[in-house]
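When you get a sec, could you give me coordinates for this:
(chains A, B, C and D)
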2 protein chains.
Amino acid sequence: MENWDEIRTAFQVARLGTVSGAAEVLGVHHATVIRHIDALEKRLGSKLFQRHARGYTPTEAGRDLLAVAQTTEEQFAHLASRIKGQGETVSGELVVTSIAGIADLLTPVMVSFQEKWPEVRVRFLTDMRVFRLDYGEAHVALRAGSGPEEPDNVVQPLTRIQSALYAARSYADRFGCPTSEAEFADHRFVCSDSETTRAPFHRWLRATVQPDQIVYTATEPAALEQAVLSGAGIGFMSVFRAAGNPDLIQVLAPRSDWESPLRIVTHVDLHRTRKVQAFLAHLKEAAKEWQFCA
Amino acid sequence: MENWDEIRTAFQVARLGTVSGAAEVLGVHHATVIRHIDALEKRLGSKLFQRHARGYTPTEAGRDLLAVAQTTEEQFAHLASRIKGQGETVSGELVVTSIAGIADLLTPVMVSFQEKWPEVRVRFLTDMRVFRLDYGEAHVALRAGSGPEEPDNVVQPLTRIQSALYAARSYADRFGCPTSEAEFADHRFVCSDSETTRAPFHRWLRATVQPDQIVYTATEPAALEQAVLSGAGIGFMSVFRAAGNPDLIQVLAPRSDWESPLRIVTHVDLHRTRKVQAFLAHLKEAAKEWQFCA
DNA sequence: GTCTCCTTGTGCGCTGATGCACAGAAAACC
DNA sequence: GGTTTTCTGTGCATCAGCGCACAAGGAGAC
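Prediction:
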């Protein structure tokens, strides 16, 4: 049963009873309709219509086709209206991906977005690997730092994550707490494991203190935070995560050259849909309220 | 949502994930697949796929299309197998039409046919008007006499209906009963109303007796029979209907030139189907058992 | 790192489907 | 009964869609 267009032609003939009428509805010449019917009947090896001077009367097989194609046409019409409408409505899945570190910043935003648009099902993906927007894995990605620019992606700056140098209260009790860079000499530090980390504050730290002062490294940002909180050493944390934690002492205040840009990345095809636009607007609005971000 | 073939193409792309795979399954060039997708997306005004180096990943709209077209393909496959098979099976409707006069001859045949093939639903149509086989109104028609031969109809002689001249016992009681043509002079007769009747026995009667001897005419054969049975006059009846009726006296025995041929007429397209062939065989077999038919 | 394979994408020549015109026939209408 | 209308059906010219060839690019193997 290949060639669905011939089924559609036969459907109109069965529905209207004449080749001419079907041709008019289909917007083709009646000769084309006759050829479609002939081809379809030949392939099926069975007559679909009784031909006579007043038109084509469907046989039992033709009536069967009529019933099947009738529902097919309705299904396709519904499908078309759904697809045409879905770019305009805020509904269906919204897949957002980001680094795990800003999950607690984003989650309230997405929850309130879902409450605002109850038709939307939010999927929030935080994974080690970078989700690829051009594979359709996510609608919106939130990425820190300045990653590679892919041609089909539209990138917008959202905010800048402020970071500062913190020490746990347990660390200060044991080793004291420096009040400026000048007092760093005898202190121990926590830093990203990678020598070539993109984070500007980690590069600053490696350039500022002696290598043997870095007593604890990890690849995972969450592990670094845990190390600082556990008193392993002085280390960087984003201000919004450290704020409100009574166990942390801010050793150095945030500096603009430690800030890391947070960018919104969307695929160009999805960017123009109302759903994505609505989320972006909602996200930007929420970001204005964020404390400790520049 | 015109052009169902493009939907079918998009369906295969969504199912397989690549243009190349879909092209192979569809038996077309991959350029054709790309063109179909492009045209469909342009018409819908919405992307169905995310294009990337590894193939096409369906968007939400594409997944919607996949689900709809999946069931469509299954429906069409079932339809095709039904249509292809129905010419080979003895099932569905069997529409038989005949003159009302032989209904009691045919009904047992059709009942036993339905019992033999329980899948068949028999529709037996007896109506004043002649059903047109080329309009698909019936599968099999049983017609008496030699009607016009239509080109697309295949005609087979089934049997010959014997007719004889009968008088009701009530008539014989009042007017006596002739034993030969020579005694017809003072008798009254019942005949078809039409001067140009095709029935050979009615033509013979009009040629044999005086016009004023024909005291009762009717157009409907059943009405003529009722007239004879009521004693209005002597008239023709088919032997199989008169036989076994104790109120009827056979005035003249059946003659071969009064016989009326009973023909099976089928449309050429339907004639070759197994269902019609099965019924024809069944009918011919039953006709062998018919008494009072030549 | 390089190499190879697989994929999409596009311009060009061509074939097959389409539209056109006309014929023929049957039904409907006057 | 004659006329008109409407429908099917077919040969022919045209054109759109198709296949082909080639290019480009990315993913994965080695």
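
So for the residue of chain A most remote from its centre, what's the pLDDT?
The outermost residue of chain A, judged against the average C-alpha position, is residue A:53 (60.0 Å), by Cα atoms, centre = their mean. Looking at residue A:53, its pLDDT is 82.

Report the rounded mean pLDDT for the helix or strand residue A:6 falls within.
In this assignment (DSSP states H and E), residue A:6 forms part of helix A:4-16. Per-region confidence: helix A:4-16 scores 94 on mean pLDDT.

and it, is it in reach of chain B?
Yes: legend: contact between helix A:4-16 and chain B by Cβ under 8 Å from any Cβ of the partner chain is shown at A:4-5, A:7-8. Where C-beta positions appear, they are placed from N, C-alpha and C, glycine not excepted.

Check stretch A:75-92 too.
Yes: contact of stretch A:75-92 with chain B (Cβ under 8 Å from any Cβ) involves A:75-80, A:82-84, A:86-87, A:92.

Touching the helix holding residue A:6 from outside, list them.
A:1, A:19, A:21-22, A:25-26, A:28, A:32-33, A:36-37, A:39-40, A:48-49, A:56, A:58, A:62-63, A:65-66, A:69-70, A:72-73, B:2-5, B:7-8, B:72, B:76 (Cβ atoms under 8 Å, 6 or more residues apart in numbering or on different chains).

Now, of these, which are buried?
A:1, A:19, A:21-22, A:26, A:28, A:33, A:36-37, A:40, A:48-49, A:56, A:58, A:62-63, A:65-66, A:69, A:72-73, B:4-5, B:7-8, B:72, B:76 (16 or more other Cβ atoms under 10 Å in any protein chain shown).

From the residues you listed, list the ones also adjacent to DNA strand C.
Residues of the buried ones among the contacts of helix A:4-16 in contact with DNA strand C (Cβ under 7 Å from any atom of the strand): A:28, A:36.

Please flag which of the buried ones among the contacts of helix A:4-16 sit within strands.
A:49, A:56, A:58 (DSSP state E).

List the contacts of the closest residue to the second one other than its chain neighbours.
The spatial neighbour of residue A:56 that comes closest, neighbours along the chain excluded (Cβ to Cβ, 6 or more residues apart in numbering or on different chains), is residue A:49 at 4.0 Å. Under the criterion of Cβ under 8 Å, 6+ apart, the neighbours of residue A:49 are A:10, A:13-14, A:37, A:41, A:56-59, A:62, B:136.

Check residue A:120 too.
A:90-94, A:113-114, A:275.

got JSON lines for these, with pLDDT too?
Converted to JSON lines, those look like this (pLDDT from 0 to 100):
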{"residue": "A:90", "pLDDT": "88"}
{"residue": "A:91", "pLDDT": "87"}
{"residue": "A:92", "pLDDT": "86"}
{"residue": "A:93", "pLDDT": "87"}
{"residue": "A:94", "pLDDT": "90"}
{"residue": "A:113", "pLDDT": "95"}
{"residue": "A:114", "pLDDT": "94"}
{"residue": "A:275", "pLDDT": "89"}
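
List just the nearest of the residues you listed to DNA strand D.
Nearest to DNA strand D among those, counting by Cβ to the nearest atom of the strand, is residue A:93 at 23.1 Å.

Please, which helix or strand holds the residue nearest to residue A:252 when sequence neighbours are not counted?
Using Cβ to Cβ, 6+ apart and skipping the chain neighbours, the partner closest in space to residue A:252 is residue A:165 (4.1 Å). Assigned by DSSP H and E, residue A:165 belongs to strand A:163-168.

That strand pairs with which strands, and in what direction?
Sheet partners assigned to strand A:163-168 using DSSP bridges are listed as strand A:235-238 (antiparallel), strand A:248-252 (antiparallel).

before we move on, the earlier item: which among the ones in strands among the buried ones among the contacts of helix A:4-16 are in contact with DNA strand D?
Okay, of those touching DNA strand D (Cβ under 7 Å from any atom of the strand), that's residue A:56.

returning to what we had before: now the strands paired with strand A:163-168 in a markdown table, with distance to DNA strand C?
Below are the strands paired with strand A:163-168 laid out as a markdown table (distance: least, Cβ to the nearest atom of the strand, whole Å):
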| stretch | distance to DNA strand C |
| --- | --- |
| strand A:235-238 | 31 |
| strand A:248-252 | 38 |
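
Of these, which is nearest DNA strand D?
strand A:235-238 (30.7 Å).

Need the three-state assignment for residue A:131.
coil (DSSP: H, G, I helix; E, B strand; the rest coil).

show me where chain A has helices.
Counting by DSSP state H, chain A has helices at residues A:4-16, A:19-26, A:30-44, A:60-86, A:103-116, A:169-175, A:200-208, A:221-229, A:239-242, A:268-271, A:274-289.

ok, residue A:271 touching residue A:152?
No: with contacts counted by Cβ atoms under 8 Å, residue A:271 stays clear of residue A:152, the gap being 9.8 Å.

More neighbours: those two, which one.
residue A:271 (19 against 14; other Cβ atoms under 10 Å in any protein chain shown).

ok, now which ones touch the more buried one?
A:154, A:277.

Buried ones only from the contacts of residue A:120, please, as a ChimeraX command.
In ChimeraX, selecting the buried portion of those, with burial taken from 16+ other Cβ under 10 Å, looks like this:
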select /A:90,91,92,94,113,275
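
Make TSV out of the contacts of residue A:120 and add distance to residue B:219.
Formatted as TSV, these follow (distance: Cβ to Cβ, whole Å):
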residue	distance to residue B:219
A:90	74
A:91	70
A:92	71
A:93	74
A:94	78
A:113	82
A:114	80
A:275	75
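
Let me have the contacts of residue A:120 in JSON lines, extended by distance to DNA strand C.
Output for those, formatted as JSON lines (distance: Cβ to the nearest atom of the strand, whole Å):
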{"residue": "A:90", "distance to DNA strand C": "28"}
{"residue": "A:91", "distance to DNA strand C": "27"}
{"residue": "A:92", "distance to DNA strand C": "24"}
{"residue": "A:93", "distance to DNA strand C": "23"}
{"residue": "A:94", "distance to DNA strand C": "25"}
{"residue": "A:113", "distance to DNA strand C": "31"}
{"residue": "A:114", "distance to DNA strand C": "33"}
{"residue": "A:275", "distance to DNA strand C": "23"}
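
Return the member of the contacts of residue A:120 nearest to residue A:243.
Nearest to residue A:243 among these: residue A:113, at 23.7 Å, using Cβ to Cβ.

Grab the nearest non-local neighbour of that closest one.
residue A:282 (4.9 Å).

Next, count neighbours for the one you found.
The number of residues packed near residue A:282 is 17, by other Cβ under 10 Å.

That one contacts residue A:114, doesn't it?
No: assessed by Cβ under 8 Å, residue A:282 is found out of contact with residue A:114, at 10.1 Å.

Most proximal residue of the stretch 101-250 of chain A with respect to DNA strand C?
For the stretch 101-250 of chain A, Cβ to the nearest atom of the strand, closest residue to DNA strand C: residue A:152, 10.1 Å.

tell me the pLDDT at that residue?
For residue A:152, the predicted pLDDT is 74.
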